[in-house]
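[1] Pasting the sequence and the predicted coordinates here, then a few questions.
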Amino acid sequence: MLSLHTSPLEQPGTGDAGGMNVYITQTATRMARRGIAVEVFTRATSSELPPVAELAPGVLVRHVHAGPFEGLGKNDLPAQLCAFTAGVLRAEARHEPGHYGLVHSHYWLSGQVGWLVRDRWGVPLVHSAHTLAKVKNAALADGDTPEPRSREIGEQQVVDQADRLIANTAVEANQLVDLYDAPPDRVDTISPGVDLDLFRPGDRAAARAALGLRQDAVVLAFVGRIQPLKAPDVLLRAAAELIASGAVPRERLAVVVVGGPSGSGLEAPTSLHELGASLGISDVLRFLPPRRGAELVDVYRAADVVAVPSHNESFGLVALEAQACGTPVVAAAVGGLPVAVADRASGLLVPGHDPVRWAEALALAVRPGLWSRLSRGAVAHANEFSWERTTDALVAGYVDAAAAFRRALFAAEVAV
């Protein structure tokens, strides 16, 4: 696997680390349990990182030196593609030919590297875009920076060259076909999953006690990277509306924001705090750093509702994790979120980002009768997804891609 711009070893929720890190970690680990050796190539971001680290039994992470260790954003990384590719090729050269049987690239930067190593190693290239520039640019938040034209061109090149494309949802599959002219027969739709052993319903009182929250509070949570694309500001504005309308008493409202600045959010890392102050709701806000494992489970269990107000999401793993814990989700009706959230069964989908409409949806979701029904539906909906199912589908796609690749090679040899 190639994951140039972010390592699966990094903490999701800040910088460039997010759902893609979780996706790679979960699928690679489960492939290794099936007897498939996995090596993940990523860019070294510290001189203290070892050349090779074990993510899990059967899964190695190779840190490739490509550019300065620190201070490079995603927009700086195209200049390091040659250096990164050289590091990947050197690693393969230490093995017997045929050591790697397939390359799965994640995000377009890795796809550019995968395109070259595919041809050098004579193996199929499977690619997951995770996000698409044309889609992001069509749904920009106010004041956000559009993706550069160079990325659109790079994505198109990868789509043209990949032997198999993995889409999270049918919507993303259609976007690849309609916006990037991907051949439909080379696109597999495979939804991500959720760790159902970790994320499950539990003791809400204990979770609230662990976070220092009142037992009778109305708790609204946001979990993710703090940047305009993820739109945490929508939740804060909606919270102000809830107080102003009297739908939730100020003394009972708690808004918990878990995550760190990322992307264009790094340009104004305190903007969310400042927004809370300008709205007069600083007293109801709780900002927590990114967390994983049981600590993240506590956030989901403690919340009455988890809000996912993103302007675009290729899927929305946070929504699935929250629902697996029995917490309804109020989400924007964009991208893959209508798949991740079953509207009026496991949560509520909101068209647009108007704070008044969001406040109405949040107030509706926390009503005891509806909340209980949505909570039960959330668990049932999340249980339809699992990383085991995702991994099984990926492996089946790998087998098909490898067979098609061999047939194409044989046909070319016969033609010669």
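    In hand now; what should we look at? Numbers count the residues shown, from 1 in each chain.
[2] Read off the pLDDT value for residue 290.
    Residue 290 is assigned 91 on the pLDDT scale.
[3] Okay, it and residue 259: tell me how far apart.
    6 Å (C-beta to C-beta, to the nearest Å). The C-beta positions use only the backbone N, C-alpha and C, and glycine is treated the same way.
[4] More neighbours: which of the two?
    Taking neighbours as other C-beta atoms under 10 Å, residue 290 and residue 259 compare with residue 259 leading, 25 against 22.
[5] contacting residues for the closest residue to residue 363 other than its chain neighbours?
    Sequence neighbours aside, residue 247 is the residue nearest to residue 363 in space, at 4.2 Å (criterion: C-beta to C-beta, 6 or more residues apart in numbering). Counting by C-beta atoms under 8 Å, 6 or more residues apart in numbering, residue 247 touches 241, 359, 363.
[6] what's the helix or strand for the last one?
    Using DSSP states H and E, residue 363 maps to helix 355-365.
[7] Could I get the phi/psi values of residue 123?
    Here is the backbone geometry of residue 123 (degrees, to the nearest 10): phi -130, psi 160.
[8] and it, how many residues sit next to it?
    Residue 123 has 20 neighbouring residues, counting by other C-beta under 10 Å.
[9] doesn't residue 103 make contact with it?
    Yes: counting by C-beta atoms under 8 Å, residue 123 touches residue 103, with 6.0 Å between them.
[10] which neighbours do the two share?
    Shared contacts of residue 123 and residue 103, defined by C-beta under 8 Å, 6+ apart, comprise residue 117.
[11] Counting by contacts, list what the longest helix seen in the chain packs against.
    Across the chain, the helix with the greatest residue count (assigned by DSSP state H) is helix 387-415. Counting contacts by 3 or more C-beta pairs under 8 Å, 6 or more residues apart in numbering; DSSP states H and E, helix 387-415 is packed against helix 19-33, strand 125-128, strand 164-167.
[12] Between those, which one is closest to residue 337.
    Closest to residue 337 of these is helix 19-33 (C-beta to C-beta; 12.2 Å).
[13] So for the lowest-mean-pLDDT helix or strand in the chain, what gets flagged as buried?
    Using mean pLDDT, DSSP states H and E, helix 387-415 stands out as the lowest-scoring helix or strand of the chain, at a mean of 91. Burial within helix 387-415, assessed by neighbour count using 16 or more other C-beta atoms under 10 Å, is assigned to 387-388, 390-391, 393-394, 397-398, 401-402, 405.
[14] got the angle for that helix vs helix 19-33?
    Going by axes from the mean of the first three to the mean of the last three C-alpha atoms, to 10 degrees, helix 387-415 is angled at 80 degrees with respect to helix 19-33.
[15] From the chain's centroid, how far away is helix 387-415?
    The gap between the average C-alpha position of helix 387-415 and the chain average comes to 25 Å, counting by C-alpha atoms, centre = their mean, to the nearest Å.
[16] try stretch 133-150
    17 Å.
[17] Any idea how far apart the tips of it sit?
    10 Å (C-alpha to C-alpha, to the nearest Å).
[18] same thing with stretch 224-231?
    Start and end residues of stretch 224-231 are separated by 10 Å (C-alpha to C-alpha).
[19] At which residues are the helices of the stretch 201-350 of the chain located?
    204-211, 232-245, 271-279, 293-302, 317-324, 337-340 (DSSP state H, counting those that start in this stretch).
[20] coming back round to it: for the contacts of residue 247, pick the one with the most neighbours.
    Busiest of the contacts of residue 247 [other C-beta under 10 Å] is residue 359, holding 23 neighbours.
[21] In space, what's closest to residue 280 - neighbours in sequence excluded?
    Leaving aside its chain neighbours, residue 280 sits nearest to residue 240 (7.0 Å; criterion: C-beta to C-beta, 6+ apart).
[22] tell me the pLDDT at the one you found?
    Reported pLDDT for residue 240: 98.
[23] Quick check: the gap between it and residue 283.
    For residue 240 relative to residue 283 (C-beta to C-beta), the value is 12 Å.
[24] who's more crowded, those two?
    residue 240 (21 against 10).
[25] didn't the more buried one look like it was pressed against residue 281?
    Yes: applying C-beta under 8 Å as the test, residue 240 and residue 281 come out as touching, 5.3 Å apart.
[26] about what we covered before: so who does the residue nearest to residue 280 touch?
    If a contact means C-beta under 8 Å, 6+ apart, then residue 240 has 279-281, 355 as its contacts.
[27] Is it possible to get the buried residues of helix 387-415 out as TSV so that each row also shows distance to residue 18?
    Output for those, formatted as TSV (distance: C-beta to C-beta, whole Å):
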residue	distance to residue 18
387	16
388	22
390	17
391	20
393	22
394	19
397	23
398	24
401	26
402	29
405	31
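[28] What about residue 60, how many residues nearby?
    Residue 60 sits with 16 neighbouring residues when counted by other C-beta under 10 Å.
[29] So which of the helices of the stretch 201-350 of the chain is nearest residue 55?
    Nearest of those (C-beta to C-beta): helix 293-302, 15.0 Å.
[30] where's residue 208 relative to residue 237, distance?
    Computed as C-beta to C-beta, the residue 208 to residue 237 distance reads 25 Å.
[31] For residue 28, list the residues it contacts.
    Contacts of residue 28 (C-beta under 8 Å, 6+ apart): 1, 8, 38, 40, 55-56, 59.
[32] Which one of those residues sits in the busiest neighbourhood?
    Greatest neighbour count in those, by other C-beta under 10 Å, goes to residue 8: 26 neighbours.
[33] how would you label that one: helix, strand or coil?
    Residue 8 carries the three-state label coil when classified by DSSP: H, G, I helix; E, B strand; the rest coil.
[34] What of residue 63?
    Residue 63 falls in the strand class when you classify it by three-state DSSP.
[35] List the contacts of it.
    Applying C-beta under 8 Å, 6+ apart to residue 63 gives the contacts 7, 42-44, 49-53.
[36] Just the buried residues of the residues you listed.
    Buried subset of those (neighbour count, 16+ other C-beta under 10 Å): 7, 42-44, 49, 53.
[37] how about the residues you listed, which pair is most distant?
    Of all pairs in those, the most separated under C-beta to C-beta is 43 and 53 at 13.5 Å.
[38] about what we covered before: quick one: the residue nearest to residue 280 from residue 194, how far?
    Taken as C-beta to C-beta, the span from residue 240 to residue 194 is 31 Å.
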